[in-house]
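Engineer: return atomic coordinates for the entry below.
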Amino acid sequence: MGLFSFFTKEKKDDLDKGLEKTKEGFFSKITRAVAGKSTIDEEVLDKLEEALVSSDVGLQTTVKIIKRIEARAAKDKFVTTVEMNQLIKEEIENILAENKNVDSENFDTPADKKPYVIMVVGVNGAGKTTTIGKLSHQFKNNGKKILLGAADTFRAAAVDQLEVWAKRSDVEMVRGQHNADPASVAYQAIERGVAIGADVVIIDTAGRLHNRIDLMNELSKIKKVMQKIIPDAPHEVLLVVDGSTGQNAIEQAKQFTAATQVTALAITKLDGTAKGGVVLGISDQFHIPVKYIGVGEAIDKLQVFNKKLFVETLFKGA
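Structural biologist: Numbering: from 1, shown residues only. Coordinates of the predicted model:
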């Protein structure tokens, strides 16, 4: 299977369009920083730093990238804009590679985990429920049997919204009464998933951040009851963050990684923002791989994250 073979022209076009605003800001600033230069000097580094920070890469990750570029520039000669762009592109890709980001090509799950249990966390409004719906659609299109668990029981709207997505994706959902114990709903969902031979069980959870201790206790309880049926559940804790919020998305990640052990990220709403650099910052600061990105509102506009294709798209035309 060749490089990007799973990514059809349509999917590549979706990614290109989804990152359009980020490219307009991020890439154009990088291009201007190196334009007409034959060496990476202090002026170029300052402009690169400004480009990265203004694209919400974050100061910590920006400093790391700049130091690496400066170190390479000190020992290698770069005489063309193309060469300098290639250096910058390589260092950004290296940052992603170091944080367990893989070049995924498909919506798949480990064959030895059935059902594969995903617990989804994230603040209300980040696109958590929508991401679950889109994920269900993609998994089902990939031949998987899916079951959803509506464990965000304190918001009736959240359960109703998940039910709408379950119907759109044509998958089964387990729901409890309003204000029911979230852990009991998660338990019922796992129990039902095992009974029907589901390949994937996705558990939605509450998005409250008003008290981190409460959140931590609730998520821990959900995990414990799931493990009564499947000892190593959940197999994945997926944090959904809104990419359009920039640095606030990093703050969301900080809160949830303190409350539970997050193993993967889904970054939504990249199509509506010039802040796509947050993908780099979140992955690097928290050492968590980005697994999915949202590049449009339609049900099929959730993509598996491919670090190489992501960077290639950012630098398209360089």
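
Engineer: need the distance between the two termini of stretch 26-43.
Structural biologist: Start-to-end span of stretch 26-43 (Cα to Cα, to the nearest Å) is 17 Å.

Engineer: buried ones in that stretch?
Structural biologist: 26-27, 29-31, 33-34, 37, 40 (16 or more other Cβ atoms under 10 Å). To be clear about C-beta, it is placed using only N, CA and C from the backbone, and glycine gets the same treatment.

Engineer: which one of the residues you listed is nearest I202?
Structural biologist: Using Cβ to Cβ, F26 is the member of the buried residues of stretch 26-43 that lies nearest I202, at 32.2 Å.

Engineer: pLDDT wise, what is the closest one at?
Structural biologist: Per-residue pLDDT puts F26 at 75.

Engineer: try I202
Structural biologist: At I202, the pLDDT value in this model is 98.

Engineer: sheet-wise, list the partners of the host helix or strand of it with their directions.
Structural biologist: Counting by DSSP states H and E, the element that carries I202 is strand 200-204. Paired neighbours of strand 200-204 in the sheet (DSSP bridges): strand 116-121 (parallel), strand 146-150 (parallel).

Engineer: with respect to V194, which of the buried residues of stretch 26-43 is nearest?
Structural biologist: For the buried residues of stretch 26-43, the nearest to V194 is F26 (45.4 Å; Cβ to Cβ).

Engineer: ok, now which ones touch the closest one?
Structural biologist: Contacts here follow Cβ atoms under 8 Å, 6 or more residues apart in numbering; on that basis F26 touches 51-52, 55, 274, 276-277, 314.

Engineer: check the secondary structure at the residue positioned nearest the centre of the chain for me.
Structural biologist: The chain has A266 as the residue nearest its centroid, 2.3 Å off, counting by Cα atoms, centre = their mean. Here A266 is recorded as strand under DSSP: H, G, I helix; E, B strand; the rest coil.

Engineer: that one and N106: what is the separation?
Structural biologist: Relative to N106, A266 is positioned 16 Å away (Cβ to Cβ, to the nearest Å).
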